[in-house]
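# Have a look at this prediction, sequence included:
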Amino acid sequence: MKRPLSILFASSEARPLVKTGGLADVSGALPPALRDIGLDCRLLVPGYRSVLSGVANPREVARFSQLPGYGEVRLLEAAMPDSGITVYVLDYPWHYLREGGPYQDATGKDYPDSAWRFALLSRVAALLAGPNSPLDWPPDILHCHDWQTGLAPAYLRFNGGGAPSVMTIHNLAYQGIFPPDMVEPLGLPASSFSVEGVEYYGNFSFLKAGLFYADWITTVSPSYALEIQQDPMGMGMQGLLAQRNGQLTGILNGIDTADWNPSSDLHLPCEFSQKAPSGKKRCKQALQKELGLEPLADAPLFGIISRLTHQKGLDWTLLNARQIVEQGGQIVLLGTGDPALETAFRDLAASQPGKVAAVIGYDEGLSHRIEAASDFFLMPSRFEPCGLNQMYSQRYGALPIVHATGGLKDTVQDGETGFVFTEPSPFGLGQAIQRAFALYADKKAMRRMISAAMAKDYSWEGSAQAYRALYEILAAGR
Ligand code: ADP
Ligand code: GLC
């Protein structure tokens, strides 16, 4: 029998072991979707505290003692908790076993040594995809995700070659920028510090390295793939991306339809589905009670679940909040991030008791309950490579209100499954919110739109097929 195509995913996050955003959802869900269509996809992740404690029975499969700049690094093999996908864990406590998150300490300060930390992840990824791998599992493709693994294609290029590499951009705003004097200590030749290499406007960028040296580039929606070839969405990389446009593909993310299924979701007080939607009302009632909102069945509820960053357009939402409340709406936000935005939402909730609730924190169960309870979901991102919440929302009958950008534009049909506004401003959002209020007043039209949104298929299968087609082309050209 032919050996299945083997793919090594290198990623700094993977659900359910470690997550700060959508990257983790994708790294957690795409490998099993690829397995379901016959591929052997395995993961490489850093051994953060939550990773080491989250995998059962890890066993050592290799040890690296010769990596310049590092002490002894162990490679463990285990199975992912939910999917059973094989995961290689990079066990190097000095770099990864910390109290805080993957990128910042417990006080929110960036770690000062992340260049070393993620160069190591990249280096080992390249090693496992190259001729000197200690494993008897040679991947056909190395698939790197975001800047944290951006150096892997460069290491492959300069350290003896190996499997073809794919670099996926989940978010071009995070570029892994470090000073130029890190290039050589991290094991790359001085000559690579050039526009035709790892240089990015006088600095050293891990993402630029990946975009320059990878055999193929993908990003997470077709619209974003076009947007990033131009200013301003290209964020300085547009020249390179436009030049490589023949090797740049946008493949839309899917969602984990088992995890995000309102008819079997254990986080919810009550199930519902497109055919039997009435449980949604009970979910709303329960959430209003849980968060101290007035128990008004008829108040349109606007949900928000988000990293609190400039990208997400939350300042536009804040400018529309008063209007929503004055028109009888309620708002619930779940998020963490920028301290100024956290304070602004806390203050808003304090000034509108019973009408606005703001939960500052990270809470997966609550995120499901918000999707289930909301009538509308606000996601007015300035830019959005793909976005997952607008897809979860449609599946949960919370009609998304989104800006016409990236994956939002590709997944929400204006006036059919949600509201899409084009003017990038608080006013543009405000107009879309007014359309939502008007729809809410027309119960029949509202039911129709909810039903259309809930009927959409966002499973991973189609995207997995697209990745497989790409991997096959690259593997054949090896
Ligand atoms: P991004 O990756 O830019 O943050 P996505 O929409 O792709 O945006 O993915 C965000 C993911 O993180 C979703 O699964 C969302 O539900 C989750 N999420 C974001 N903030 C929180 C939070 N405070 N609590 C729980 N889940 C959150
Ligand atoms: C990024 C993007 C988001 C995307 C996610 C997963 O964090 O901001 O739009 O859905 O990655 O690809």
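Here it is on my side, so go on. Numbers count the residues shown, from 1 in each chain. Ligands and ions are numbered 1, 2, ... in the order given.

# which bits of this protein sit near ligand 2?
Applying C-beta under 6 Å from any ligand atom, we find that the chain lies next to ligand 2 at 21-23, 26, 170-171, 220, 253, 384-388, 407. For the C-beta atoms, the positions are set from N, CA and C on the backbone; glycine is no exception.

# which residues sit in contact with whichever residue of the stretch 151-300 of the chain sits closest to ligand 2?
The minimum distance from the stretch 151-300 of the chain to ligand 2, using C-beta to the nearest ligand atom, falls at His170 (3.3 Å). Listed by C-beta atoms under 8 Å, 6 or more residues apart in numbering, the contact partners of His170 are Gly22, Leu23, Val26, His145, Asp146, Thr219, Val220, Pro385, Cys386.

# What values do phi and psi take at it?
phi -90, psi -30 (degrees, to the nearest 10).

# How much space separates it from Met379?
16 Å (C-beta to C-beta, to the nearest Å).

# same check, this time on Pro134
Going from Pro134 to Met379 by C-beta to C-beta gives 44 Å.

# the more surrounded of those two?
Counted by other C-beta atoms under 10 Å, Pro134 and Met379 do not tie: Met379 has more neighbours, with 25 against 11.

# That one bridge partners, please.
Here Met379 sits in beta bridges with Val402, as judged by DSSP bridges.

# Would you reformat the contacts of His170 as TSV and include distance to Gly477 and pLDDT?
Shown next, in TSV, are the contacts of His170 (distance: C-beta to C-beta, whole Å; pLDDT from 0 to 100):
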residue	distance to Gly477	pLDDT
Gly22	30	94
Leu23	27	97
Val26	25	97
His145	22	98
Asp146	25	98
Thr219	21	98
Val220	24	98
Pro385	27	98
Cys386	27	98
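
# can you count the residues close to the residue in the stretch 1-150 of the chain that ligand 1 sits nearest to?
Nearest to ligand 1, among the residues of the stretch 1-150 of the chain, is Gly22, at 2.3 Å (C-beta to the nearest ligand atom). Gly22 sits with 23 neighbouring residues when counted by other C-beta under 10 Å.

# go on, Gly462?
Using other C-beta under 10 Å, the number of residues around Gly462 comes to 13.

# what's the pLDDT at the residue lying closest to it once chain neighbours are set aside?
Among residues not flanking Gly462 along the chain, Gly254 sits closest, at 7.1 Å (C-beta to C-beta, 6 or more residues apart in numbering). Note for Gly254: predicted pLDDT of 97.

# how close does Gly254 sit to ligand 1?
Separation of Gly254 from ligand 1 (C-beta to the nearest ligand atom, to the nearest Å): 12 Å.

# That residue and Trp460 touch, don't they?
Yes. In terms of C-beta atoms under 8 Å, Gly254 counts as a neighbour of Trp460; the distance is 3.3 Å.

# which residues do the two both contact?
Shared contacts of Gly254 and Trp460 (C-beta under 8 Å, 6+ apart): Ala29, Leu30, Ala33.

# Only the buried residues of stretch 294-312, if you could.
Buried residues in stretch 294-312, counted by 16 or more other C-beta atoms under 10 Å: 296, 299-309, 311-312.

# Need the pLDDT of Ala432.
Value for Ala432, per-residue pLDDT: 98.

# can you check Arg478 too?
Listed pLDDT for Arg478 reads 76.

# quick one: it and Gly161 touch, right?
No. With contacts defined as C-beta under 8 Å, Arg478 does not count as touching Gly161, sitting 9.9 Å away.

# quick one on the thing from earlier: now render the residues of the chain next to ligand 2 as JSON lines, adding secondary structure.
Below are the residues of the chain next to ligand 2 laid out as JSON lines (DSSP: H, G, I helix; E, B strand; the rest coil):
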{"residue": "Gly21", "secondary structure": "coil"}
{"residue": "Gly22", "secondary structure": "helix"}
{"residue": "Leu23", "secondary structure": "helix"}
{"residue": "Val26", "secondary structure": "helix"}
{"residue": "His170", "secondary structure": "coil"}
{"residue": "Asn171", "secondary structure": "coil"}
{"residue": "Val220", "secondary structure": "coil"}
{"residue": "Asn253", "secondary structure": "coil"}
{"residue": "Glu384", "secondary structure": "coil"}
{"residue": "Pro385", "secondary structure": "coil"}
{"residue": "Cys386", "secondary structure": "coil"}
{"residue": "Gly387", "secondary structure": "coil"}
{"residue": "Leu388", "secondary structure": "coil"}
{"residue": "Gly407", "secondary structure": "helix"}
